[in-house]
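Enquirer: Here is the input, now give the coordinates:
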Amino acid sequence: MDRACFAHPLFAAFAAYQDVMAAADWPSIDALDQRLALPGKQLVEQDDALLADGLHYERRIAQGRIATRPRNWHDLFNALVWARHPAIKHALNARQCAELVDASAVGRNRTQAVLTQFDETGVIVRVRDASLLHAWDRHDWSALFVQGAERWRSGAIAVSAVFGHALMEQALLPSRLLVGKCVVVQGEDDAQAVEQVAQAISRADLLNDPLELRPLPLMGIPGWHPDQDVLFYRQVEYFRPARDGREYPAPAR
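Expert: Have a look, this model is predicted:
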């Protein structure tokens, strides 16, 4: 795996953890726990002894222990997201635990599904003006990314946070064309947008149904892929048309 991938904009907010991501050797779970020093949480190795407690993964987190597999990118990125966006992680965990009426139940309800989708592939996008979403609403990707390129460069529309640790894992393969599942906030400040999302999740104002999330082909964002020519944006299997009748929620304010 080429560690040059960590220079991609998707990892920009995790620059403080370059020493962890680009290290020649994997850190032990104890070393990673000490490096991140998560308030109120401890990274613990997921082994048979840990799993013998019979607790659901989310309930164990609520008790302060995050089960983490050694030498595993997915779990490493999960730990980094806990370090970078703890308020959202705490909010998601509290909501998931509230949904666990019966830990033995098979399958997820729609709220559990959207909470998991956002945890795995979530992205927070901020817009200054809600009218910027019109092209996105109709999946007019050329208007959003090509004609609208200057809006991305100026910050009129921006990725405030890449939250999904599965997205980060997929980004280890430079050829992957990633799709984020997005919550949109209207405002001027990225940090404030992230805080608003954390509060809204805690209040259950957000993430009650998967249809709340907007799909965004992330490699279409100007500067996020090296080959953004006309043919690139014509890849219908990636830049998919909108489904008939599909409507997206207005941005949070």
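Enquirer: can you give me the strands in the stretch 151-253 of the chain?
Expert: Listed in chain order, the strands of the stretch 151-253 of the chain (DSSP state E, counting those that start in this stretch) span 157-162, 179-186, 214-217.
Enquirer: what's the average pLDDT for the longest one?
Expert: For strand 179-186, mean pLDDT rounds to 98.
Enquirer: likewise the last one?
Expert: When the per-residue pLDDT values of strand 214-217 are averaged, the result is 98.
Enquirer: Sheet partners, orientation included, of that strand?
Expert: Paired strands of strand 214-217, with direction, are strand 179-186 (antiparallel) (DSSP bridges).
Enquirer: quick one on the thing from earlier: in CSV, list the strands of the stretch 151-253 of the chain along with distance to residue 19.
Expert: In this view, the C-beta of every residue, glycine as well, is placed from N, C-alpha and C. Listed next are the strands of the stretch 151-253 of the chain as CSV, based on distance: least, C-beta to C-beta, whole Å:
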stretch, distance to residue 19
strand 157-162, 19
strand 179-186, 26
strand 214-217, 30
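Enquirer: is it possible to export those strands to JSON lines including mean neighbour count and distance to residue 51?
Expert: What follows is the strands of the stretch 151-253 of the chain, written out as JSON lines (neighbours: other C-beta atoms under 10 Å; distance: least, C-beta to C-beta, whole Å):
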{"stretch": "strand 157-162", "mean neighbour count": "22", "distance to residue 51": "30"}
{"stretch": "strand 179-186", "mean neighbour count": "23", "distance to residue 51": "29"}
{"stretch": "strand 214-217", "mean neighbour count": "20", "distance to residue 51": "34"}
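Enquirer: State the number of residues packed around residue 98.
Expert: Using other C-beta atoms under 10 Å, residue 98 has 13 neighbouring residues.
Enquirer: for it, helix, strand, or coil?
Expert: Counting by DSSP: H, G, I helix; E, B strand; the rest coil, the backbone at residue 98 sits in helix.
Enquirer: and it, what does it touch?
Expert: Taking C-beta atoms under 8 Å, 6 or more residues apart in numbering as the definition of contact, residue 98 has no neighbours.
Enquirer: Just list the residues touching the residue lying closest to residue 122 once chain neighbours are set aside, thanks.
Expert: With sequence-adjacent residues excluded and distances taken as C-beta to C-beta, 6 or more residues apart in numbering, residue 122 is closest to residue 163, at 4.0 Å. For residue 163, the contacting residues are 81, 85, 88, 118, 119, 122, 123, 124, by C-beta under 8 Å, 6+ apart.
Enquirer: hang on, the earlier thing: now for the strands of the stretch 151-253 of the chain, which one comes closest to residue 42?
Expert: Taking C-beta to C-beta, strand 157-162 is the member of the strands of the stretch 151-253 of the chain nearest to residue 42, at 24.0 Å.
Enquirer: how deep is residue 115 tucked in, by neighbour count?
Expert: Residues near residue 115, counting by other C-beta under 10 Å, number 26.
Enquirer: domains of this structure?
Expert: Here the domain parsing of the chain from automatic domain parsing is 3-107, 116-234.
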